[in-house]
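Asker: need the 3D shape of this:
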Amino acid sequence: MLNEKVFIWIKIALGVGLVLVIVVIAIVALDDGDGGNLAGSDADTDSQGSAEILEDATDLTGQATVEISTTDNLFEPGTVIVSPGTEVLWTNNGLNYHNVKPDDPVAFEAIPTDDLAPGTSASRTFANAGSFGYYCSIHGAPGAGQLGAIIVL
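Answerer: Take a look at the predicted model:
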């Protein structure tokens, strides 16, 4: 009876130890060396995070109008860099209705679903420098799902 209890406790201890090892490995794998911010965690608020965003962005500076294709569950390109005064045109090339809502509700005027039906386009002009995250509220939420960003430099 005593041996059975000891064996059970040893199994529990080994199981807990294994879980801790897996957690440590996951943390080390997610650490991108930025002093504590894990990859994917609001890294865009520091200079290294901003550089990571810029690496994934499509540079379209100097163009008067840039087009973002809205397909089912995707904005392409997802992140664009534009110059101040650029008109950004979202074209719905998908089969579903979409909309464009800014992460910050006062950043720019949202594009409602009725204005972005399949086969239609709608635009907004970005006059001031800044980073403007957006998403489709039908297929995403701020920071998740169908999303994108406009970076005005």
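Asker: give me the low-pLDDT residue ranges for this protein?
Answerer: Within the chain, the stretches falling below the threshold (pLDDT under 70) are 1-3, 5-54.
Asker: the longest strand in it is where?
Answerer: The longest strand of the chain (DSSP state E) is strand 130-141.
Asker: what does the host helix or strand of residue 88 contact?
Answerer: Using DSSP states H and E, residue 88 maps to strand 86-92. If you take CB atoms under 8 Å, 6 or more residues apart in numbering as the criterion, strand 86-92 is touched by 60, 63-70, 75, 80, 82, 98, 100, 111, 116-126, 150, 152. Any C-beta I mention is one placed from the backbone N, CA and C, and that applies to glycine too.
Asker: now with 7 Å?
Answerer: Among residues not part of strand 86-92, those counted as contacts by CB atoms under 7 Å, 6 or more residues apart in numbering are 63-70, 82, 98, 100, 111, 116-126, 150.
Asker: of those residues, buried ones?
Answerer: Among the contacts of strand 86-92, those that count as buried by neighbour count (16 or more other CB atoms under 10 Å) are 66-68, 70, 82, 98, 100, 111, 116, 122-124, 126, 150.
Asker: narrow those residues to those in strands?
Answerer: Judged by DSSP E, the subset of these located in strands is 66-68, 70, 82, 122-124, 126, 150.
Asker: so residue 4 is in which element?
Answerer: Element membership for residue 4 (DSSP H and E) is helix 2-30.
Asker: quick check: end-to-end length of stretch 76-85?
Answerer: Stretch 76-85 has its terminal residues 20 Å apart, counting by CA to CA, to the nearest Å.
Asker: for it, which positions count as buried?
Answerer: By neighbour count, and taking 16+ other CB under 10 Å as the criterion, the buried residues in stretch 76-85 are 77, 79-82.
Asker: again, but for stretch 88-99
Answerer: Residues of stretch 88-99 classed as buried: 88, 90-94, 96-99 (neighbour count, 16+ other CB under 10 Å).
Asker: list the contacts for the closest residue to residue 66 other than its chain neighbours?
Answerer: Excluding the flanking residues, the one nearest residue 66 by CB to CB, 6 or more residues apart in numbering is residue 60, at 4.4 Å. With contacts defined as CB under 7 Å, 6+ apart, residue 60 is in contact with 66, 80-82.
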